[in-house]
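**Q** Structure for this input, please:
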Amino acid sequence: MDLKTYQKAFDEVASDYEQTVSSFGLPFEREESQPRSRRFENSAWACENCGKSLVGGNGWMSPGCIACRTGEKTVTFFISLTCPKNCYFCFNPNQEDYERYCREDRDALGELEQAHAAGARLDCIALTGGEPMLRFEKTLEFLKRARELYPQAHLRLYTSGYRLDEDAMDALRESGLDEIRFSIKLEDGDDERRVVEERIREAVDRIPAVMVEMPVIPGTIDDMKDLLMKLSAWGARGINLLEFCFPLSNSEAFAARGFSLRKQPFDVLYDYWYAGGIPVAGSESEALELLRFAHENDLDLGVHYCSSDNKNTGQLNQQNHMLGRLQQATGSYQEYRFDKRSYFIVCAKAFGPSVDDVRRSLEGMLPDSRGSVSFDDGVLSFPDTRIDDVLSMVPDAEIGISLNVIELADEGPRLREVGLEVVQR
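**A** Numbering: from 1, shown residues only. A predicted model of the protein is given here:
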């Protein structure tokens with residue numbers, strides 16, 4: 001089998017995906033307006049997590065954001081999904097049991113205590129919503145207990161600032177809270193925006209780390225630049241810029257604003273757990289402009305762009321880090337390795353008329369290659385660490401890097417191939 005024929009299956013998956021998602025009422029952009037390669041083209045920010053996380057401004061970044069990349073020793077709880085804001089882009093309705101947790105509270109405190117009793121080691125603990133301030137007494141109780149159980153953990157709280165007065169901020173500080181993240185709705189009226197801004201200024205004097213987390217909505221660049229200037233002047237620690245997403249609902253509201261979906265919505269298409277939705281075209285380009293703006297104006301503010309790709313790496317890490325156990329249990333998949341940078345499980349694959357030459361070259365390099373080389377339907381799989389060696393001996397070889405995830409099936413864990421990156425010579 002040649003490489004183009006093999007790739008065609010992934011192209012068909014992408015086409016089917018676009019058709020299915022478009023049926024929710026929002027089209028994809030015609031051409032890709034923001035290739036991911038542009039993330040690496042500017043020195044105004046640092047590229048982290050394989051370019052999925054961009055850090056600019058003064059370089060400060062919340063420990064919670066760093067931990068989120070792998071999903072290790074970090075957990076986010078909520079008490080209720082009730083919220084007074086009613087944002088058209090909210091993805092909470094995509095959460096499991098959304099209706100239930102709008103009617104009744106979740107036992108976040110009990111879940112935290114169970115995790116501790118089971119021996120969970122946590123470095124970062126977050127409480128979100130809904131709006132946690134609607135359950136303020138339970139919020140305080142949760143934070144105080146979290147501080148008792150995990151004295152060294154970084155505790156953060158997400159809020160729109162609703163009902164957050166000075167007394168509440170003092171109580172949050174005394175509970176052991178390390179970080180508060182405000183969300184700002186740019187479509188709110190001036191009076192409502194001023195109230196939130198005042199609460200941010202007041203929080204700076206009370207909570208160790210005060211920051212804002214919000215999506216970058218296309219067309220709001222001037223308001224966002226103004227906000228960055230204010231946050232820097234007020235002494236806030238940072239802002240977390242999220243890639244704006246369509247939650248597969250409220251398509252009329254998105255269409256009325258002229259939005260379309262990003263042509264290549266994810267770096268690699270897969271069934272991701274993150275409920276945020278599908279990235280909207282134009283959000284990333286404005287996020288990069290904000291990073292440039294922070295650099296050019298020397299803002300004393302940590303500015304972090306969290307792409308949708310960045311949101312998904314924790315899931316990939318959790319699924320795929322168990323490769324060694326799968327190899328040991330099955331005796332198979334020896335040609336694969338867990339890539340600690342991309343979090344995918346990878347191997348190299350050779351295609352086309354030179355496959356036999358590749359196989360012979362590998363036999364010379366790997367005297368006992370039976371466990372680390374496999375041949376199936378005209379495709380040869382081998383360790384990606386041998387690609388350069390193979391190409392030095394077979395320069396015309398057609399080679400791709402296979403991207404895989406571990407999934408649980410009725411018969412046990414198995415590998416699923418989700419992408420192929422062509423090796424350019």
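
**Q** pLDDT score assigned to residue 367?
**A** pLDDT for residue 367: 65.

**Q** Check residue 42 too.
**A** Per-residue confidence (pLDDT) for residue 42: 95.

**Q** cool, residue 370 as well?
**A** pLDDT, read off for residue 370, is 56.

**Q** Dump the helix or strand where residue 110 lies to PDB, keeping only the CA atoms.
**A** Taking DSSP states H and E as the definition, residue 110 sits inside helix 108-117. Written as PDB, here are the backbone C-alpha positions of helix 108-117 (Å, rounded to 0.1, in the frame of the first residue of the first chain):
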ATOM      1  CA  ALA A 108     -17.600  18.200  46.200                       C
ATOM      2  CA  LEU A 109     -16.300  18.100  49.800                       C
ATOM      3  CA  GLY A 110     -17.200  14.400  50.100                       C
ATOM      4  CA  GLU A 111     -15.400  13.700  46.800                       C
ATOM      5  CA  LEU A 112     -12.300  15.500  48.000                       C
ATOM      6  CA  GLU A 113     -12.200  13.600  51.300                       C
ATOM      7  CA  GLN A 114     -12.700  10.300  49.400                       C
ATOM      8  CA  ALA A 115      -9.800  11.100  47.100                       C
ATOM      9  CA  HIS A 116      -7.600  11.900  50.100                       C
ATOM     10  CA  ALA A 117      -8.600   8.700  51.900                       C
END
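
**Q** Tell me the buried residues in stretch 44-64?
**A** For stretch 44-64, the neighbour count (16 or more other C-beta atoms under 10 Å) marks 44-45, 48-58, 60-64 as buried. Glycine gets a C-beta too; all of them are placed from N, C-alpha and C.

**Q** that older thread, the helix holding residue 110 packs against which elements?
**A** Helices and strands touching helix 108-117, by 3 or more C-beta pairs under 8 Å, 6 or more residues apart in numbering; DSSP states H and E, are strand 74-78, helix 136-149.

**Q** Out of the ones you listed, which gets nearest to residue 306?
**A** Residue 306 lies closest to strand 74-78 among the helices and strands packed on helix 108-117, at 14.1 Å (C-beta to C-beta).

**Q** List the contacts of that closest one.
**A** Here strand 74-78 makes contact (C-beta atoms under 8 Å, 6 or more residues apart in numbering) with 64, 67-68, 101, 106, 108, 111-112, 115, 120, 122-130, 132, 142.

**Q** and residue 217, what is it in contact with?
**A** Going by C-beta under 8 Å, 6+ apart, residue 217 touches 89, 186, 244, 280, 283.

**Q** can you list contacts of the helix or strand of the chain with the lowest mean pLDDT?
**A** None of the helices or strands of the chain scores lower by mean pLDDT, DSSP states H and E than strand 374-376, at a mean of 86. Strand 374-376 is contacted by residues 335, 355, 359, 380, 381 when judged by C-beta under 8 Å, 6+ apart.

**Q** Pop out the phi and psi values for the last one.
**A** When you say that, I think you mean residue 381. Main-chain dihedrals, residue 381, degrees, to the nearest 10: phi -100, psi 140.

**Q** Residue 334 touches residue 328, doesn't it?
**A** No. In this structure, residue 334 is not within contact of residue 328 by C-beta atoms under 8 Å, at 10.2 Å.

**Q** These two: which is more packed in?
**A** residue 334 (17 against 8; other C-beta atoms under 10 Å).

**Q** I'd guess the more buried one is in a helix, am I close?
**A** No. Secondary structure of residue 334 (DSSP: H, G, I helix; E, B strand; the rest coil): coil, not part of a helix.

**Q** And the strands in the stretch 1-150 of the chain?
**A** Secondary structure of the stretch 1-150 of the chain (DSSP state E, counting those that start in this stretch): strands located at 46-48, 53-57, 74-78, 124-128.

**Q** which other helices and strands contact the first one?
**A** When you say that, I think you mean strand 46-48. strand 53-57.

**Q** quick one: average confidence on the strand it packs on?
**A** 98.
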